[in-house]
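Asks: Okay, here's the prediction I keep looking at, along with the sequence it came from:
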Amino acid sequence: MPNIQRETLEDGLFLLKFDRPDSSVNIFDLPTLAELENHLEVLARPETGAQGLILMSTKPSIFMAGADLHAIRAMNGEEVKTFIQRGQDVFNKLAALPFPTVAAVHGAALGGGYEVCLACDWRVASTDPATKLGLPETKLGIIPAWGGCTRLPRLLSVPKALDVILGGKVLPARQALRAGLVDETAPREHLLQAARRWLKQGKHPHRLAHSAPFNAVVDAVIAPSARHDVQRKTHGHFPAIEKALEVVLKGSASWDEKDSLEREREAVGELIASDTTRQLLNLFFLTEKARKAAVPNAPRDVKPIARTAVIGAGIMGSGIAQWLSARGLPVILRDVDAERVAAGMGKIADLYASGLRAHTFTEHDVRLGLDRVAPAPVEVPLLSVDLVIEAAVEKMEIKKMLFQRLDQLVREDAILATNTSALSISELAAVTRHPGRVVGMHFFNPVHKMQLVEVVTGRDTSPEVAQRVVRLAQQIGKIPVLVKDSPGFLVNRILLPYMIEAGAIYWAGASAEEIDAAMLHFGMPMGPLRLTDEVGVDVALDVAATLAAAFPQRLHVPDVLPALQGAAMLGRKTGKGFYKYSKGSEASTNKQAAKLRPSRLPNPPGREAIEDRLVLLMINEAARCLEEGIVASAGEVDLAMVLGTGFAPFRGGPLRYADSSVVSRVADALARLAESAGPHYAPCDLLRDMAKTGRRFYED
């Protein structure tokens, strides 16, 4: 069956519709490119009488997802360059057609899916939430190479194009219009009509402002600062961003399209062989797998969740309520009094206002979203609710009282979820009449930015309940990872030993800047002590105490946390923690915190030793989580750590990194640290066994 359908419209207008058979998505593979080329060659013949062409998709949420990444991952450098050449040749034929062309985009047009739009004269996009456009290639370790690095600077100007390409940006239709990626937005039902109007404009004119001499001057001005900014942000860890910058700058300065396209091909051929690109592609496939994941032994067709309630109107509760309401779900927002509910509604309004300013929402979207949130300062009936998410204070006794009451207020088939980050789901469920319907749904802060949701199953949680919550997470655009109930679950279980050890190293005399710089050098987005300040010293202390009580043989509460709490230095929220914070300036050294340390300190480790100690602890705990069956696979561990903590994505996650470092060497290094730095470094049984047998966490 064909991947592309051609229809004849009126007055010499033609329509090409992407419709990959037996698939929910459209992709560009070699057969699809050949089909597109054949259609273009037919339409270019004078006897066809073509006067205009519109590209569309028949899929409900995809215009074109881009190149076939599964095929690309299996190619070597030369094969990739050949594949890229093929796409460039076909898109060049589209761009060279003697009549005007319009891409009428409904659904996602990403990577090669947007580059085919760039080869058209004009672009119109539907206002549907499913419509997103952009060039995310640098996040996958490659660059836009089907003309993206060549055509976008000519369309937008070099600085604006770099913002999109280097950031790997994907924009909703209205933001894409504002950025210049599309020429018009319209409701889906009016999209074809809008495309016809743009055909009347004829071929796209060349703009003098984006001519070669103009861009050569611009490049000379922006190149030094652009290179400096890229180095500052990536620390050299993301070569695709550096390659994209060079291809755009050199291509736009010379204004030689053939030369620029060749640079695109050569860059991708080099990048595809790199370890960084392999790791980023692996993470992409893990993410796509999680978007479709199902719970083992659960029915596939489960009742969808349609109405929700959130208990607790604080930062997390209000963030969850806003996210649910923005995705079409009615939400009851409950707290103990009118003042707290009002504060929560204020936070929700602020999130919508921010989205309105960023053109993520329209005023109509904001009104509808706010209307879906029902504030409840007093107890209200919950019989219509399918799911209640508790996001109250992290105290087990308070949560137990809440769940006992909620158990009486909801229907017997309603789900009771908790957003706790560390407390036992099984213990909480035990106070209810129906423990099988209790589950953890751990969102990460801030909810509107963090993709990960840990779906935590307690001892009695039914597979059907877990499946319904996984489906909800996928429905609202989150990435779920199924986790077994255990202190700290998965992400905090791995992250807290790392943060605790950073605190111990600080207490031993290393500076906060030295410790955080070591982990920034490794590739973490933020150092562990700065992260503690952002989370809150008191919150970190509570979670550390929970985990130390659960694993007393290898975890302890570091002395620095109670000392900081006793001095009312709780991090950013009090203006002081490991660092000092003031409006309008960078965080600076907090000398008062350093004075809390013992007067006589041992020699603190240097930067390399700090990096080794902290990274190896995370690897050890990640392996232990897999050993204990907290999650089912190494891929889930790595995906959760990248999404939940920002663990250096170019390294693939802690277990991928262990494979690349060789597991036996990791186990040996941990054994040496157990002798020199403390027994809590002793490698877990799984690492020791793998070291003996030469096994890896991944078989690919």
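Replies: Received, thanks.

Asks: Now stretch 40-55: buried residues?
Replies: 40, 43, 50, 52-55 (16 or more other C-beta atoms under 10 Å). For every residue, glycine as well, the C-beta is placed using N, CA and C.

Asks: pLDDT weak spots in the protein?
Replies: For the chain, applying pLDDT under 70 flags the ranges 206-220, 600-602.

Asks: List the residues that contact the most centrally placed residue in it.
Replies: Centroid check for the chain by C-alpha atoms, centre = their mean gives residue 451 as the closest residue, at 5.2 Å. Residues near residue 451 by C-beta atoms under 8 Å, 6 or more residues apart in numbering: 477-479, 643.

Asks: Excluding chain neighbours, what is closest to it?
Replies: residue 479 (4.7 Å; C-beta to C-beta, 6 or more residues apart in numbering).

Asks: cool, residue 356 as well?
Replies: Counting by C-beta to C-beta, 6+ apart, residue 356 lies nearest to residue 366, which is 5.6 Å off, once chain neighbours are set aside.

Asks: same question, residue 223
Replies: residue 249 (5.4 Å).

Asks: does that neighbour belong to a helix or a strand, and which?
Replies: Using DSSP states H and E, residue 249 maps to helix 239-254.

Asks: Just the CA atoms of that helix, as PDB, please.
Replies: Extracted in PDB, the C-alpha atoms of helix 239-254 (Å, rounded to 0.1, in the frame of the first residue of the first chain):
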ATOM      1  CA  PRO A 239      29.100  17.800  20.000                       C
ATOM      2  CA  ALA A 240      25.900  18.000  17.900                       C
ATOM      3  CA  ILE A 241      25.200  21.500  19.200                       C
ATOM      4  CA  GLU A 242      28.700  22.600  18.300                       C
ATOM      5  CA  LYS A 243      28.400  21.000  14.800                       C
ATOM      6  CA  ALA A 244      25.000  22.600  14.200                       C
ATOM      7  CA  LEU A 245      26.500  26.000  15.100                       C
ATOM      8  CA  GLU A 246      29.400  25.600  12.700                       C
ATOM      9  CA  VAL A 247      27.200  24.300   9.800                       C
ATOM     10  CA  VAL A 248      24.700  27.200  10.200                       C
ATOM     11  CA  LEU A 249      27.400  29.900  10.500                       C
ATOM     12  CA  LYS A 250      29.500  28.700   7.600                       C
ATOM     13  CA  GLY A 251      26.600  27.900   5.300                       C
ATOM     14  CA  SER A 252      24.800  31.200   5.800                       C
ATOM     15  CA  ALA A 253      28.000  33.200   5.500                       C
ATOM     16  CA  SER A 254      28.900  31.600   2.100                       C
END
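
Asks: Quick check: which helices or strands does that helix pack against?
Replies: In terms of contacts (3 or more C-beta pairs under 8 Å, 6 or more residues apart in numbering; DSSP states H and E), helix 239-254 is packed against helix 148-156, helix 158-167, helix 212-234, helix 257-271, helix 275-291.

Asks: Report the angle between it and helix 257-271.
Replies: Put simply, helix 239-254 runs at 170 degrees to helix 257-271, going by axes from the mean of the first three to the mean of the last three C-alpha atoms, to 10 degrees.

Asks: How many neighbouring residues does the closest residue to residue 167 other than its chain neighbours have?
Replies: Distances taken as C-beta to C-beta, 6+ apart place residue 138 nearest to residue 167, at 7.6 Å, with adjacent residues excluded. Residues contacting residue 138 under the criterion other C-beta atoms under 10 Å number 25.
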